[in-house]
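Visitor: coords please:
(one chain, ligands or ions: 2)
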Amino acid sequence: MFQGLEQTGGLWGVIPRRLASMPFIITDPCIETKDTACVDVCPVDCIHPRKDEPEFAQATMLYIHPEECIDCGACVPACPVAAIYDSIDATPSNQNDLIEANAVYRNGDPALMAQAEEIVKAHLAAQPALMAIPAAERQAAPASH
Ligand code: SF4
Ligand code: SF4
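Guide: Numbering: from 1, shown residues only. Ligands and ions are numbered 1, 2, ... in the order given. Below you'll find the model as predicted:
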């Protein structure tokens, strides 16, 4: 599944090269919320899809483009459900699959959008207990790291 493995010393020990520089990551509390508050504050417009993009209605959640994000941090406090983390290491283990969803999603590319959405679909299927917790309370769920 992954290409370009490298040692990082991070949470996974060995992670894909293209994920090694992942900056900010959106996780599953976005799924029910998707209010685009993060989009409104992002200075480089790297969170997709936006409400004015046709892909918005179909997308299960929003994704941060890992190469366009400038690590400013503005989106984190803007999110009403604490869905955004600032690194792979900070992302709870039960959200690790969504790191790749952020990495692969490219707005306007049907194959990559579908790939990201498949990851999210698998996440939903694998985490029924987690998803039963209201989005705003999920970050505080036990064993989240
Ligand atoms: S950290 Fe800054 S640049 Fe990156 S997604 Fe958040 S608001 Fe946008
Ligand atoms: S602010 Fe949070 S919940 Fe709203 S769209 Fe962004 S990541 Fe999703």
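Visitor: Excluding covalently adjacent residues, which one is nearest to residue 31?
Guide: Of all residues beyond its chain neighbours, the one nearest residue 31 is residue 61 (4.8 Å), with distances taken as Cβ to Cβ, 6 or more residues apart in numbering. For glycine as for every other residue, the C-beta is placed from the backbone atoms N, C-alpha and C.
Visitor: can I assume the one you found sits in a strand?
Guide: No: assessed by DSSP: H, G, I helix; E, B strand; the rest coil, residue 61 does not belong to a strand; its assignment is coil.
Visitor: my read: it touches residue 38, true?
Guide: No: at 11.0 Å, residue 61 does not count as touching residue 38 under the criterion of Cβ atoms under 8 Å.
Visitor: quick revisit: so what's the residue nearest to residue 31 up against?
Guide: Residues counted as contacts of residue 61 (Cβ atoms under 8 Å, 6 or more residues apart in numbering) are 26, 28, 30, 31, 34, 83, 98, 101, 120.
Visitor: circling back to that earlier point, between residue 61 and residue 38, which contacts overlap?
Guide: For the pair residue 61 and residue 38, residues contacting each of them under the criterion Cβ under 8 Å, 6+ apart are residue 26.
Visitor: what does this protein put close to ligand 1?
Guide: Applying the criterion Cβ under 6 Å from any ligand atom, the portion of the chain that neighbours ligand 1 consists of 23-24, 41-42, 44, 46-47, 64, 69-75.
Visitor: which intervals of this protein have sub-threshold pLDDT?
Guide: Counting by pLDDT under 70, the low-confidence segments of the chain come to 1-21, 141-145.
Visitor: And the top helix by length along it, what does it pack against?
Guide: As assigned by DSSP state H, the longest helix anywhere in the chain is helix 110-126. Here helix 110-126 is seen to pack against helix 96-104 when contacts are counted using 3 or more Cβ pairs under 8 Å, 6 or more residues apart in numbering; DSSP states H and E.
Visitor: I would like the residues contacting the helix it packs on, please.
Guide: Where contact means Cβ under 8 Å, 6+ apart, the residues beyond helix 96-104 that reach it are 11-12, 16, 18-19, 22, 25-28, 61, 63-64, 66, 88, 91, 112, 115-117, 119-120, 122-123, 126.
Visitor: Could I get the buried residue list for stretch 46-62?
Guide: Along stretch 46-62, these residues count as buried under the neighbour rule (16 or more other Cβ atoms under 10 Å): 46, 47, 48, 49, 56, 59, 60, 61, 62.
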